[in-house]
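1. Need the 3D shape of this:
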Amino acid sequence: MKDYKRVVSIGGHPLDAELMGGPIALRMNAKGAKSTMVHVTTGRLENKDATEAEKTQYLNELNDQIANVAKELGCDAYQLNYSSSNMPSMPDFVDTIYNYLKTEKVDLVVTHHVGTMHDRHYYTHRGVKAAVQRLRSEKVDIDLLYGENLEDLVGFVPTAYIQMPEVDVDRWFKALEEYQIFRGGINTVPYNDYYRTMGRVRGIESSCPGFVKAYMHAGLVEYA
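-> Okay, here's the model as predicted:
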């Protein structure tokens, strides 16, 4: 994999960007890159009967968690703050992502694979891919990878493997554990167990010793 200078990982919800792009950000940052974790939507409480005060407290705590995770990863964070129940039109979303990537001079984007169980992950996939395609049509040198995400596995076939030294593995999980949801405090999704296990499985699969993070190259049109 070539060295990238400006890396952006775009997730549909808080935690997704770090799960997908955290490992590659750690690798590229060590070589002098700048990386950003982008969150498309705000989080929400699973309790539909939560009071407004409880919702506000949750979002304040989540904002602190986002900042803490970014600090641990040596990245910054950027929040679009869309509500899952009130998203902009796809053309408007594509324009937003296009303008952000162009302004930031991004050369690598990581986002969701198309085979997902969540509509906001699919929305993010569509918009990010369209924005990257537009930039590539303008001869911008930008690549797109799909990061392994336990909720986006339908048709996910790894085409790139990043071997992670144990110090980066520890740093990644220390960062992820800043999120209450990753620690199991919001729902019962076994995030920690899955990603720790799959890092070892991908290592065996790729014949690489140790811990490995899997990525899939996006199929994009090449412009002459």
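
2. Not counting residues beside it along the chain, what's closest to residue 34?
-> Among residues not flanking residue 34 along the chain, residue 6 sits closest, at 5.7 Å (CB to CB, 6 or more residues apart in numbering). No exception for glycine: its C-beta is placed from N, CA and C like everyone else's.

3. can you check residue 144 too?
-> Per CB to CB, 6+ apart, closest to residue 144 is residue 218, 3.9 Å.

4. Pull the contacting residues for the residue nearest to residue 34.
-> 33-35, 104-108 (CB atoms under 8 Å, 6 or more residues apart in numbering).

5. again, 7 Å this time
-> Residues in contact with residue 6 (CB atoms under 7 Å, 6 or more residues apart in numbering) are 33-34, 104-107.

6. quick one: it from residue 28, how far?
-> Residue 6 sits 9 Å away from residue 28, going by CB to CB, to the nearest Å.

7. Helix, strand, or coil at residue 146?
-> Recorded secondary structure, residue 146: strand (DSSP: H, G, I helix; E, B strand; the rest coil).

8. whoops, residue 88 was the one
-> Going by three-state DSSP: residue 88 is coil.

9. Look up phi and psi at it.
-> Phi and psi for residue 88, reported as degrees, to the nearest 10, are phi -70, psi 170.

10. Let me know the pLDDT of it.
-> In the prediction, the pLDDT value recorded for residue 88 is 96.

11. now the residue nearest to it when sequence neighbours are not counted, which residues is it bridged with?
-> Ranked by CB to CB, 6+ apart and with sequence neighbours excluded, the top spatial neighbour of residue 88 is residue 82, at 6.8 Å. Beta bridges link residue 82 to residue 41 when assigned by DSSP bridges.

12. Could you check the pLDDT of residue 82?
-> Reported pLDDT for residue 82: 94.

13. buried set for stretch 134-145?
-> 134-136, 140, 142-145 (16 or more other CB atoms under 10 Å).

14. shaky segments in this structure?
-> When residues are selected by pLDDT under 70, those of the chain lie in 44-49, 223-224.

15. residue ranges for the helices of it, please.
-> 16-29, 52-73, 90-104, 119-137, 166-176, 191-205 (DSSP state H).

16. Thank you kindly, that will do.
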